Structures are given as structure tokens and as C-alpha cells.
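Participant: Sequence and computational prediction follow.
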Amino acid sequence: MLKEERYDQILAILEEEQYISASKLSKMLYVSLPTIRRDLAELGRRNQIVRSHGGAKKIQAEHIVAPLDFRKTVHAAEKRALCRSAASLVEDNNIIFIDASTTTLQMAEFLNDKKGITVITNGIPIATLLVQKGIKTYCTGGEIFENSLAHFGSFAEEFIQRFNIDILFFSCHGVNEKGMLTDPSLPETQIRKVAINQSKKTVFLCDKTKFSLSTPYNLVPIETIDCIITDTNEVNKYFPAQCSNEIIVV
């Protein structure tokens with residue numbers, strides 16, 4: 001197993017375990033204890049874990065934006081189901097915006113049958129996938145955020161403002177107890193705010209692990225979003241009994 005593959009596996013294990021000892025990791029990954037200790041030292045150097053009591057623990061999301069290659073493997077099946085449902089909302093000739101979150105990344109797979117659509121995105125990975133499928137795509141440009149390969153900043157924001165967007169598809173890190181959408185990245189939060197303002201309809205994709213999570217930067221209250229696609233009925237507690245928001249549980 002290559003070092004980077006081990007690093008990804010360690011991070012995936014910590015996503016579930018929160019804390020794990022070096023000796024247990026050694027047994028789980030079938031590598032020596034000195035090798036695991038070197039791996040943990042390197043992940044600590046990268047600020048992806050915290051070394052603790054002979055092992056490692058997860059860094060809380062409010063302190064770090066995890067690398068894209070790691071985030072896109074977490075809850076991949078759930079994200080795929082959300083994306084399939086989201087793509088069904090797209091009509092021929094729509095102008096849509098897909099943000100740079102890993103939750104929306106798989107939407108590219110479900111847009112082949114849409115005719116005449118235009119996609120705007122600030123995400124380099126999804127722009128690449130869309131172009132490969134022959135879909136008319138605009139990438140905002142602007143400074144690139146290393147951990148997510150996302151464009152951000154005033155250039156990207158100004159580019160988005162050139163379009164009248166029919167539907168925005170986006171996600172973020174979580175929804176706190178007050179029903180506020182939050183994210184650990186201020187630049188990406190600002191990009192999403194601009195896209196929300198330019199869109200006729202907003203669609204928020206959110207798997208069950210993101211509820212009751214709070215990170216530093218507020219986006220918008222969940223009740224201001226037109227449509228929420230999720231995999232849990234827990235979303236209902238954030239809305240009054242009679243609400244006009246469209247809620248799709250997959």
C-alpha cells in the first residue's frame with residue numbers, strides 16, 4: 001500500500017472513530033508500528049490530525065477544511081443519491097450553478113439527458129467532468145483554494161453576477177441547532193452568498209451527518225432555501241408544521 005493511500009485510510013478511520021491508537025491502526029492496516037507512527041507524524045505535520053496519547057484524534061471541522069481527495073470519499077453513496085435527485089430538477093435549457101462542494105460533485109453524472117443546459121461552477125473538478133460530457137460549462141476563474149480546488153474572491157464573485165441563474169445547487173459543512181447553514185471557509189461562504197442572490201431557485205443538498213454541526217461562518221437560515229434534498233426526516237424539525245419549502249427525502 002502506498003503512503004498516500006495509508007494516509008487516506010487513516011483519515012477515513014478517524015472520521016468514524018474520532019480517536020484511535022497507533023497500535024490499533026498498525027493491526028488494522030497490516031503495517032508496522034514504526035510505519036504508523038511516521039504516518040501519524042506526517043499527517044500531524046500537514047495539520048490533518050492531532051497526535052494524542054499514543055495515537056491520533058480527528059481535528060474538528062471548524063478548525064480545518066479537509067483535502068478534496070479525502071472529503072469526496074466520505075459518505076460517497078449518500079452524496080450520489082442526493083445528486084441523482086437534484087439532477088431530476090434540471091429542465092432543458094436551464095442555466096444552473098453547481099458549487100464546489102464534494103456533495104454536488106457527482107451531479108455531473110446525471111445531466112447527460114438534459115438538452116441545452118448551461119452550467120456555471122467555481123469548482124475545477126466538476127467543471128472538468130462536465131466538459132468531458134460535452135455540457136456547456138463556465139468556470140468562474142479567480143484565486144484557487146488549495147484544499148477544495150475551488151475558485152474564490154472578487155473576480156469569481158463578479159463573474160457569477162453576470163448570469164441570471166435558474167437553479168443553484170450547493171452544499172456546505174453543516175446546519176447548526178438554530179437552523180443556520182454554516183461552513184469553515186469564509187471565501188467559499190461568500191461565493192455561495194453571491195450565487196444565492198443571483199438564482200431564481202436555491203437547492204441545498206445535505207446528508208444526515210451534517211445536521212447539528214456548527215462551524216465559524218454563517219451562510220443563510222435553512223428556511224430561506226427553496227428546496228432541501230436530504231436523506232433524513234430530521235430536517236423537518238427546522239421548519240414550522242406548515243412551510244412552503246420543498247423538502248425531498250431520498
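Facilitator: Ah, there it is. Numbers count the residues shown, from 1 in each chain.

Participant: Going by C-alpha atoms from here, please, whenever you check contacts or count neighbours.
Facilitator: OK.

Participant: which residues does the most centrally placed residue in the chain contact?
Facilitator: Closest to where the C-alpha atoms of the chain average out (CA atoms, centre = their mean) is residue 101, at 3.2 Å. Taking CA atoms under 8 Å, 6 or more residues apart in numbering as the criterion, residue 101 is in contact with 123, 148, 170-172.

Participant: Please save the CA atoms from the longest strand seen in the chain in CSV.
Facilitator: Determined from DSSP state E, the single longest strand within the chain is strand 199-206. Output of strand 199-206 as CSV, limited to C-alpha atoms (Å, rounded to 0.1, in the frame of the first residue of the first chain):
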residue,chain,number,x,y,z
SER,A,199,-30.6,32.5,-8.5
LYS,A,200,-34.3,32.1,-9.1
LYS,A,201,-34.3,28.8,-7.1
THR,A,202,-31.9,27.5,-4.5
VAL,A,203,-31.4,23.8,-3.8
PHE,A,204,-29.4,22.6,-0.8
LEU,A,205,-28.0,19.1,-0.7
CYS,A,206,-27.4,17.8,2.8
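
Participant: How far does that strand sit from its chain's centre?
Facilitator: Computed by CA atoms, centre = their mean, to the nearest Å, the chain-centroid distance of strand 199-206 equals 14 Å.

Participant: How about stretch 30-50?
Facilitator: Remark: stretch 30-50 is offset 25 Å from the chain centroid, using CA atoms, centre = their mean.

Participant: list the buried ones in that stretch?
Facilitator: Neighbour-count burial for stretch 30-50 flags 36-37, 39-41, 43-44, 48-50 (criterion: 16 or more other CA atoms under 10 Å).

Participant: For the protein, just list every one of the helices.
Facilitator: In the chain, the helices defined using DSSP state H lie at 3-17, 22-29, 33-45, 68-71, 76-87, 124-132, 154-160, 186-197.

Participant: what's the last one packed up against?
Facilitator: Of the remaining helices and strands, those touching helix 186-197 by 3 or more CA pairs under 8 Å, 6 or more residues apart in numbering; DSSP states H and E are strand 150-152, helix 154-160, strand 165-170, strand 217-221.
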